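K.L.:
Just to be clear, the model below is a prediction. Sequence and coordinates:
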Amino acid sequence: MNSDQELSRREFLGTLTWAIGALLGAGFSIPAVVYVLGPALQRRETETWIPIATVSKVELGTPTLFKAKIERQTGWITSQEELSVYLLTENGRDFVAMSNICTHLGCRVRWIADEGKFYCPCHNGIFDRDGTVLGGPPPRPLDRFEVRVENDTLSILGG
Amino acid sequence: MATRFATWLDERLGWRGVWRSIFLRKVPKVNWLYPLGSASLFVAINQIVTGILLTIYYVPTPDQAYQTVQYISGEVPAGWLIRGLHHWGASALVVLSVLHMLRVIFYGSYKFPREVTWFSGVGLLILVLGFGFTGYLLPWDQKAYWATTVGTRIAEVTPIVGQWILLVLRGGEELTAVTLARFYGMHVWALPAAMLLLLLIHLYLIVRIGISQIPGEKD
C-alpha cells in the first residue's frame, strides 16, 4: 500500500507519540532545572551603606574591630546577622575597612596587638595590619569595604 | 551504532522482550474512556516529579511552612509553575481516578480474571484521597488549618474508636506542629511507598492479563 518513501500511518503515529513525549519531557525538565538552580544563581540584593562606627572611636595606627547588626534575607528567613569589620586609620582622616574573614577558607581572623599582626586560627594565615598577606595559605589580602564618612559617622558599603 | 548498542544491551538485559510486552502488546478495539487509567498514571507521575521538587524548598514546621510556600510561589523561578502543577494535579488525579473507576464499573472490567487489579485499584483510590487529605494541610494557611480541623473532627464521629482516631491523626488533642510534621511524613514517605507498591501490582496485572473488551450484547 505504501511506497518506501511514504510515511505509513503506523510510523506517523509512532513518531508523533515520541515527539509529544519529548515535548512533555522538555516541558517538565526545563522548569525543573530553572527551579532548582534559580535561587542558587540569584544575585545578592543591592549593597547599602551600613553605619558601623563613630570616627573618634577608631584608634590611630591600630586595627580596631567594629560590629554592626544587619538584617539579611536568606531564602524565606529574615535573620539578624553581625557584620564585623576592622577599621584602620593612620591619620584620622583616611580609613581602611577590612573584612575579618580570612581569604583562605573563610575563618575569622583576629588582631593580636602584641604581635601587630592578624592571625587566622584555622591554618595559621598571617596578615599585616593593612591586610597584606605575611604568611600561611591565604591567596590574597583581606577584603576591603568602601568607606564613607558623614558627620563623624563612618559607614561601609556592604550587604 | 545506536542499533548495535541496543542489541548489545538486549543480549544482556532482554529489554526488547520487556518493551514488546509492555508497549507493543495487542489490545482490543476500545473507546476513549479506556485511557483514563493512563491519564491517572500520567498525573501521578506529575505529582511525584513536582512533589519531589517542592520538598527542595518546603519546610514542614509551623513557623516556616507558610513562608516557604510563599517563597516557592513568589521568589523561586518557575516555582509558581511547579506548585501550580502539584496543586491542580492533585484535583485532577482525584477526578481522573474516580472516572477511571466508573469506567471499570460500567464495563464490568473488575470481573474474572481482573479482581486483584480491581482491589489494588480501590486501594490506590483510597491512597489518592489520603494524599489529598494530608497534602491539603501542608501550605499551613487558614484554609489548610481549618480544613484539617474539620476533617479530623469528622473522623472523630466514628463510633467507639473516633476519639482515638482523632488523637492519632492530630498527634494529640490539638492541631499543632506535631500534626503538620506527621501529615508531611505521611504525604512524602508512607503514602508514596504504599502507592508505589500497589501501582506496580496494578500495572503488572494490566500488562499480564491485558485490558478488557467492551462488553457485547451477550456478555
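P.N.:
Ah, there it is. Residues are numbered from 1 along each chain as shown, chains lettered A, B, ... in the order given.

K.L.:
packing partners for the longest strand along chain A?
P.N.:
Among the elements of type strand in chain A, defined by DSSP state E, the one spanning the most residues is strand A:77-89. Contacts defined by 3 or more Cβ pairs under 8 Å, 6 or more residues apart in numbering or on different chains; DSSP states H and E place strand A:77-89 against strand A:48-54, strand A:64-74, strand A:95-99, strand A:153-158. Quick note: C-beta positions are derived from backbone N, CA and C, even for glycine.

K.L.:
Remind me what the last one packs against, helices and strands.
P.N.:
Packing contacts for strand A:153-158, counted by 3+ Cβ pairs under 8 Å, 6+ apart, involve strand A:48-54, strand A:77-89, strand A:95-99, strand A:144-145, strand A:147-150.

K.L.:
could those go into TSV alongside mean neighbour count and mean pLDDT?
P.N.:
As requested, the helices and strands packed on strand A:153-158 are arranged in TSV below (neighbours: other Cβ atoms under 10 Å in any protein chain shown; pLDDT from 0 to 100):
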stretch	mean neighbour count	mean pLDDT
strand A:48-54	16	87
strand A:77-89	16	89
strand A:95-99	21	92
strand A:144-145	18	92
strand A:147-150	14	90
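
K.L.:
Quick one: closest of the ones you listed to residue B:128.
P.N.:
For the helices and strands packed on strand A:153-158, the distance to residue B:128 is smallest for strand A:77-89, at 33.7 Å, taking Cβ to Cβ.

K.L.:
Restricting to C-alpha, output the closest one in CSV.
P.N.:
Coordinates of the C-alpha atoms in strand A:77-89 are reproduced here as CSV (Å, rounded to 0.1, in the frame of the first residue of the first chain):
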residue,chain,number,x,y,z
ILE,A,77,14.1,33.8,56.5
THR,A,78,14.9,37.3,57.6
SER,A,79,17.8,37.0,60.1
GLN,A,80,19.9,39.3,62.2
GLU,A,81,23.5,38.9,61.4
GLU,A,82,26.5,40.6,62.9
LEU,A,83,28.9,42.2,60.5
SER,A,84,32.5,42.5,61.9
VAL,A,85,34.9,44.9,60.3
TYR,A,86,38.4,46.0,61.3
LEU,A,87,38.9,49.7,60.8
LEU,A,88,42.4,51.2,60.4
THR,A,89,43.5,54.8,60.1
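
K.L.:
just the helices in chain B please.
P.N.:
With DSSP state H as the criterion, chain B has helices at B:2-13, B:15-23, B:36-54, B:65-74, B:79-106, B:115-137, B:142-156, B:162-170, B:177-185, B:191-209.

K.L.:
So which of those is nearest chain A?
P.N.:
Chain A lies closest to helix B:65-74 among the helices of chain B, at 3.9 Å (Cβ to the nearest Cβ).

K.L.:
Tell me where the model's unsure across chain A.
P.N.:
A:1-4, A:44-46, A:159 (pLDDT under 70).

K.L.:
Get me the contact residues on it for chain B.
P.N.:
For chain A, the residues in contact with chain B (Cβ under 8 Å from any Cβ of the partner chain) are A:28, A:31, A:32, A:34, A:35, A:36, A:38, A:39, A:75, A:76, A:77.

K.L.:
The fifth one - nearest residue in space that isn't next to it in sequence?
P.N.:
Right, the one you point to is residue A:35. Taking Cβ to Cβ, 6 or more residues apart in numbering or on different chains, and ignoring the residues beside it in sequence, residue A:35 has residue B:78 as its nearest neighbour in space, at 4.5 Å.

K.L.:
count of neighbours near the one you found?
P.N.:
Residue B:78: 19 surrounding residues under other Cβ atoms under 10 Å in any protein chain shown.

K.L.:
that older thread, widest-spaced pair of the residues of chain A next to chain B?
P.N.:
Pairwise across the residues of chain A next to chain B, and taking Cβ to Cβ, the largest span is found between A:28 and A:77, at 29.0 Å.

K.L.:
what residues does chain B put near chain A?
P.N.:
Proximity of chain B to chain A, by Cβ under 8 Å from any Cβ, involves residues B:46, B:49, B:53, B:56-57, B:64, B:67-68, B:70-71, B:75-79, B:81-82.

K.L.:
what do you get if the cut-off is 6 Å, keeping everything else the same?
P.N.:
Within chain B, the positions near chain A by Cβ under 6 Å from any Cβ of the partner chain are B:49, B:53, B:67, B:68, B:71, B:76, B:77, B:78, B:81, B:82.

K.L.:
Residue B:60 versus the last one, what's the distance?
P.N.:
This means residue B:82. Applying Cβ to Cβ, to the nearest Å, one obtains 17 Å for the distance of residue B:82 from residue B:60.

K.L.:
Kindly report the same for the fourth one.
P.N.:
If you measure residue B:68 against residue B:60 using Cβ to Cβ, the figure is 9 Å.

K.L.:
what's the answer for the fifth one, then?
P.N.:
Relative to residue B:60, residue B:71 is positioned 14 Å away (criterion: Cβ to Cβ).

K.L.:
With the third one instead?
P.N.:
Computed as Cβ to Cβ, the residue B:67 to residue B:60 distance reads 12 Å.

K.L.:
Next: residue A:128.
P.N.:
Counting by Cβ to Cβ - residue A:128 and residue B:60 are separated by 50 Å.

K.L.:
before we move on, what about residue A:30?
P.N.:
On the measure of Cβ to Cβ, residue A:30 and residue B:60 end up 28 Å apart.

K.L.:
same thing with residue A:80?
P.N.:
Distance, residue A:80 to residue B:60, by Cβ to Cβ: 24 Å.

K.L.:
can you tell which of the helices and strands packed on strand A:153-158 is closest to residue A:116?
P.N.:
Comparing the helices and strands packed on strand A:153-158 against residue A:116 with Cβ to Cβ, the closest turns out to be strand A:77-89 (11.8 Å).
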